[in-house]
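>>> Below are the sequence and a predicted model; questions follow.
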Amino acid sequence: MKNLKAGIIGFGTVGTGVYKVLQSFKEIEIKKIAVKNINKKRNIEGFNQNLLTDNAEEIVNNPEIDVVVEVAGGINPAFDLLKTAIKNGKHIITANKELLAKKGEELFRLAKEKNVVILYEAAVAGGIPIIMPIKTILSANKITKIAAILNGTTNYILTKMHEQGLSYEVALKQAQELGYAETDPTGDVEGFDAAYKISVLSTISFNQRVSIDKIYREGITKIKPQDIKSAKELGYRIKLIAMGQVLENGKIDVRVHPMLVSKKHLLAKIDNATNSIMLTGYPVGDLIFTGAGAGAEPTASSVVGDILVLASELEASDKPLPQTICHHDKNAVQIEIGDTYNEYYISINASNNPGAIGIIGTICGRNNINISTIMQNGIKEDNTAEIVVITEISKESDIQKALKEMLESDCIKNIDNLLRVMN
Ligand SMILES: NC(=O)c1ccc[n+]([C@@H]2O[C@H](COP(=O)([O-])OP(=O)(O)OC[C@H]3O[C@@H](n4cnc5c(N)ncnc54)[C@H](OP(=O)(O)O)[C@@H]3O)[C@@H](O)[C@H]2O)c1
């Protein structure tokens, strides 16, 4: 393995994990660690405070440093810092999915120009090896489908809602108290984090650049205990699913939203903060990768793994293996949510009138929607009833049209929820 000199930007959860794991690898020398607040107390035994700087420019412009490990997060100043590092001929290791999703194209283009690599195993599903397997040992495959649980916070919240019948709000509060959710949970619960990850994952899986701006995204905040109860009765678990598929016409369907997942499906069994990724490819068939999607140590496993891969490649030659260089020049043609086909769960609040179910059936029929299950959950005090419909595969735009028509009918009071279903 080649001896490398590394500069680390960020010394929080991931940065400290990386520092600790690197202590066992004497070939990798940490030259400097950049932080925001140099006066913050760092409780690390034997840590040399002189390694710290609050000026990351000292890392990206240091001619002695071969590799910059960016584990600070966010777009600014990470983007400008990494551009400078690449221009200065440094290799990059990053865990920053937001940066890759929003600015990856520019960074990878620059890296190619400067003959350096950007490795990012930790950016998708923390400790699970998924990027490198796709780029190396799975490269004989044409990957056509991904279905994944890529956000531990939302999976934890949904697990508690299922297991303990908690409301979303109470489950979120518990997750925050236990450190599974941040004080501002928006990035996780609204699906942004999972969308960044699926944009990266689908880009490398489908060999086309998937734009984060065209990924349909819905979070978990509208899931109610009633939905969890109905899902259970019908044999499903609700999960936040990040999915991507290549359609027969070559277009790409990538999205993040909660789904009713059949209890028989492997992803339905992934609970708490665990992440899991199912891939379908030819010739390999179906694969599933499961493990810790976050946390200091699992994430450090991926970051340090990338550093060691780079060190052993650079030992063999000055040029890293082609697998680690990005080749995506083609932009994917991504379809809109209205053009997707799914089975649906529709929760409808209707007046307790004779004929309500008939009206729902007629409207569905008029819009090319076949119903596979219909269930009424008793009568409420206000003389309305919750009617749950599961459809056969239907076009999203037909579903949206049907829901609009239902709301125009006197006996339908509200569409309480619309979720997609995965069997
Ligand atoms: N946490 C995980 O399990 C996990 C898993 C996979 C990927 N990631 C990704 O890894 C990255 C880091 O996450 P994290 O959880 O470790 O974050 P974190 O605990 O909040 O740590 C962020 C670190 O960056 C430093 N920092 C912030 N702005 C800086 C600047 N302008 N210059 C230099 N340093 C700066 C902070 O300095 P101070 O210490 O002085 O505040 C802190 O040390 C993010 O991109 C995240 O998405 C995290």
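Thanks, I have the structure now. Numbering: from 1, shown residues only.

>>> contacts, neighbours, all on C-alpha from now
OK.

>>> residues from the stretch 251-400 of the chain in reach of the ligand?
294, 295, 296, 299 (Cα under 6 Å from any ligand atom).

>>> Select the longest helix from the chain.
helix 296-316 (DSSP state H).

>>> Going by contacts, tell me the helices and strands next to that one.
Judged by 3 or more Cα pairs under 8 Å, 6 or more residues apart in numbering; DSSP states H and E, the packing partners of helix 296-316 are helix 13-22, strand 91-94.

>>> Moving along the chain from the longest one, name the first helix or strand you hit.
Remark: after helix 13-22, the chain's next helix or strand is strand 28-34, criterion DSSP states H and E.

>>> could you give the angle of that next one to helix 296-316?
120 degrees (axes from the mean of the first three to the mean of the last three Cα atoms, to 10 degrees).

>>> can you give me the helices for the stretch 201-350 of the chain?
225-234, 296-316 (DSSP state H, counting those that start in this stretch).

>>> contacts for the shortest one?
Among residues not part of helix 225-234, those counted as contacts by Cα atoms under 8 Å, 6 or more residues apart in numbering are 161, 162, 165, 166, 167, 168, 237, 238, 260, 347, 388, 417.

>>> quick one: buried residues of that helix?
225, 226, 227, 228, 229, 230, 231, 232, 234 (16 or more other Cα atoms under 10 Å).

>>> For that helix, the averaged confidence score.
When pLDDT is averaged over helix 225-234, the result is 97.

>>> Figure out how far it is from the centre of its chain.
24 Å (Cα atoms, centre = their mean, to the nearest Å).

>>> Same question for the last one.
Put simply, helix 296-316 sits 22 Å off its chain's centre (Cα atoms, centre = their mean).

>>> What angle do helix 13-22 and that helix make with each other?
Using the same axes, to 10 degrees: helix 296-316 against helix 13-22 is 60 degrees.

>>> List the contacts of helix 296-316.
Contacts for helix 296-316 (Cα under 8 Å, 6+ apart): 1-4, 13-18, 21-22, 93-95, 119-122, 126-129, 292-293, 319-321.

>>> next one: stretch 28-35
So stretch 28-35 is in contact with 3-11, 22, 51-56, 59, 65, going by Cα under 8 Å, 6+ apart.

>>> Buried subset of the residues you listed, written for PyMOL?
To isolate the buried members of the contacts of stretch 28-35 in PyMOL, using 16+ other Cα under 10 Å:
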select buried, resi 3+4+5+6+7+8+9+10+11+22+52+53+56+59+65
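
>>> Out of the contacts of stretch 28-35, which sit inside strands?
Secondary structure from DSSP state E places 4, 5, 6, 7, 8, 9, 52, 53 of the contacts of stretch 28-35 in strands.

>>> Adding pLDDT, write those out as TSV.
As requested, the ones in strands among the contacts of stretch 28-35 are exported to TSV (pLDDT from 0 to 100):
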residue	pLDDT
4	97
5	98
6	98
7	98
8	98
9	98
52	98
53	98
